[in-house]
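Q: okay, here's the prediction I keep looking at, along with the sequence it came from:
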Amino acid sequence: MSDAGPFLSSPTGDSSRLRPGTVVQVSGIYRVHHYAHRMPHNVSIKAGLRLPRCRRCGDAVRFAPLITAEPIGSDVDFQEELRSAV
């Protein structure tokens with residue numbers, strides 16, 4: 001995780017929002033802002049995913065990072081437990 005803790009900075013400006021086609025660098029919870037057809041909502045996104053276009057508003061959709069999250073399998077405190085559970 002970053003030095004800023006689990007919360008990602010998300011100023012109100014559009015510059016903090018990611019556009020479709022961007023490859024997500026940090027897994028976490030993102031707020032999705034659609035253009036004129038749906039209220040904002042939260043989604044979980046894994047690092048490495050290329051952000052999709054919206055079926056209705058296309059490239060006008062934006063994704064704002066809210067909180068980081070790492071897969072539990074990469075946390076050293078749980079790796080042994082997860083391996084023995086499989």
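A: Happy to help now that I have it.
Q: and the residue of the chain positioned farthest from its centre, what pLDDT?
A: Of all residues in the chain, Ser84 has its C-alpha farthest from the mean position, at 29.3 Å, by Cα atoms, centre = their mean. Here, the pLDDT recorded for Ser84 equals 72.
Q: any weak-confidence spans in this structure?
A: For the chain, residues meeting the criterion pLDDT under 70 lie at 1-14, 81-83, 86.
Q: repeat that for 50
A: For the chain, applying pLDDT under 50 flags the ranges 1-12.
Q: just the strands in it please.
A: Using DSSP state E, the strands of the chain run over 28-33, 41-45, 62-68.
Q: which parts of the second one are buried?
A: Spelled out, it's strand 41-45. Buried residues in strand 41-45, defined by neighbour count with 16 or more other Cβ atoms under 10 Å: Ile45. (Each C-beta comes from the backbone N, C-alpha and C, glycine too.)
Q: give me the sheet partners of it and which way each runs.
A: Sheet pairing of strand 41-45 (DSSP bridges) gives strand 28-33 (antiparallel).
Q: Arg50 and Leu18 touch, don't they?
A: No. With contact defined as Cβ atoms under 8 Å, Arg50 does not count as touching Leu18 (10.5 Å).
Q: residues that sit against both of the two, list them.
A: Taking Cβ atoms under 8 Å, 6 or more residues apart in numbering as the contact rule, Arg50 and Leu18 both touch Val24.
Q: what about those two, which has more around it?
A: Comparing Arg50 with Leu18 by neighbour count (other Cβ atoms under 10 Å), the higher total belongs to Leu18, at 17 against 9.
Q: contacts only, for the more buried one.
A: Going by Cβ under 8 Å, 6+ apart, Leu18 touches Val24, Tyr30, Leu51, Arg62, Phe63, Ala64, Pro65.
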